[in-house]
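>>> build me a model from this:
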Amino acid sequence: MDEKVFAYLAGIVDGEGSLGMRPTCMNARAPRTVHYQPYLSIVNTDQALIHWLQAMIPEGKVYPRKPNKWSKKQAYMFGVYSRESIRRLLVGMLPYLIIKCAKAQEVLRALEGFTPIL
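Numbers count the residues shown, from 1 in each chain. A predicted model of the protein is given here:
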């Protein structure tokens with residue numbers, strides 16, 4: 001991705017996105033064992049934006065959201081959950097993030113401490 005795309009994506013994440021580390025239980029035999037999964041998600045009603053996100057970030061997934069009592073429009077959540085994909089995206093967006101800059105740095109620090117199990 002070029003810098004212009006990272007800048008545009010940073011604006012979308014700042015305004016419509018969410019990112020962080022969420023706790024997950026990965027082992028049914030040891031339910032008290034908690035792992036942390038990074039996530040980057042964007043919720044929007046504009047299908048053109050969702051299609052653009054899919055084209056730019058093919059490893060992301062789209063999930064339809066049910067309309068709620070405040071909005072009758074169909075919304076879509078675009079989510080990225082791969083550690084390497086999130087690391088690549090955050091490093092590219094970091095110079096352009098304003099609102100979520102500190103959160104992005106926090107997630108990157110958490111990812112630095114992650115060692116994959118082979």
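
>>> which SS class is the closest residue to residue 100 other than its chain neighbours?
Once flanking residues are discounted, residue 100 sits nearest to residue 14: 5.5 Å by CB to CB, 6 or more residues apart in numbering. Where you see a C-beta, it was placed from the backbone N, CA and C, and this is true even at glycine. The three-state assignment at residue 14 reads helix, by DSSP: H, G, I helix; E, B strand; the rest coil.

>>> what number of residues lie near residue 14?
Residue neighbour count, defined by other CB atoms under 10 Å, stands at 16 for residue 14.

>>> that one: what's it in contact with?
Applying CB atoms under 8 Å, 6 or more residues apart in numbering to residue 14 gives the contacts 97-100.

>>> and stretch 41-61, what's buried?
Along stretch 41-61, these residues count as buried under the neighbour rule (16 or more other CB atoms under 10 Å): 41-42, 44, 50, 52-53, 57, 60.
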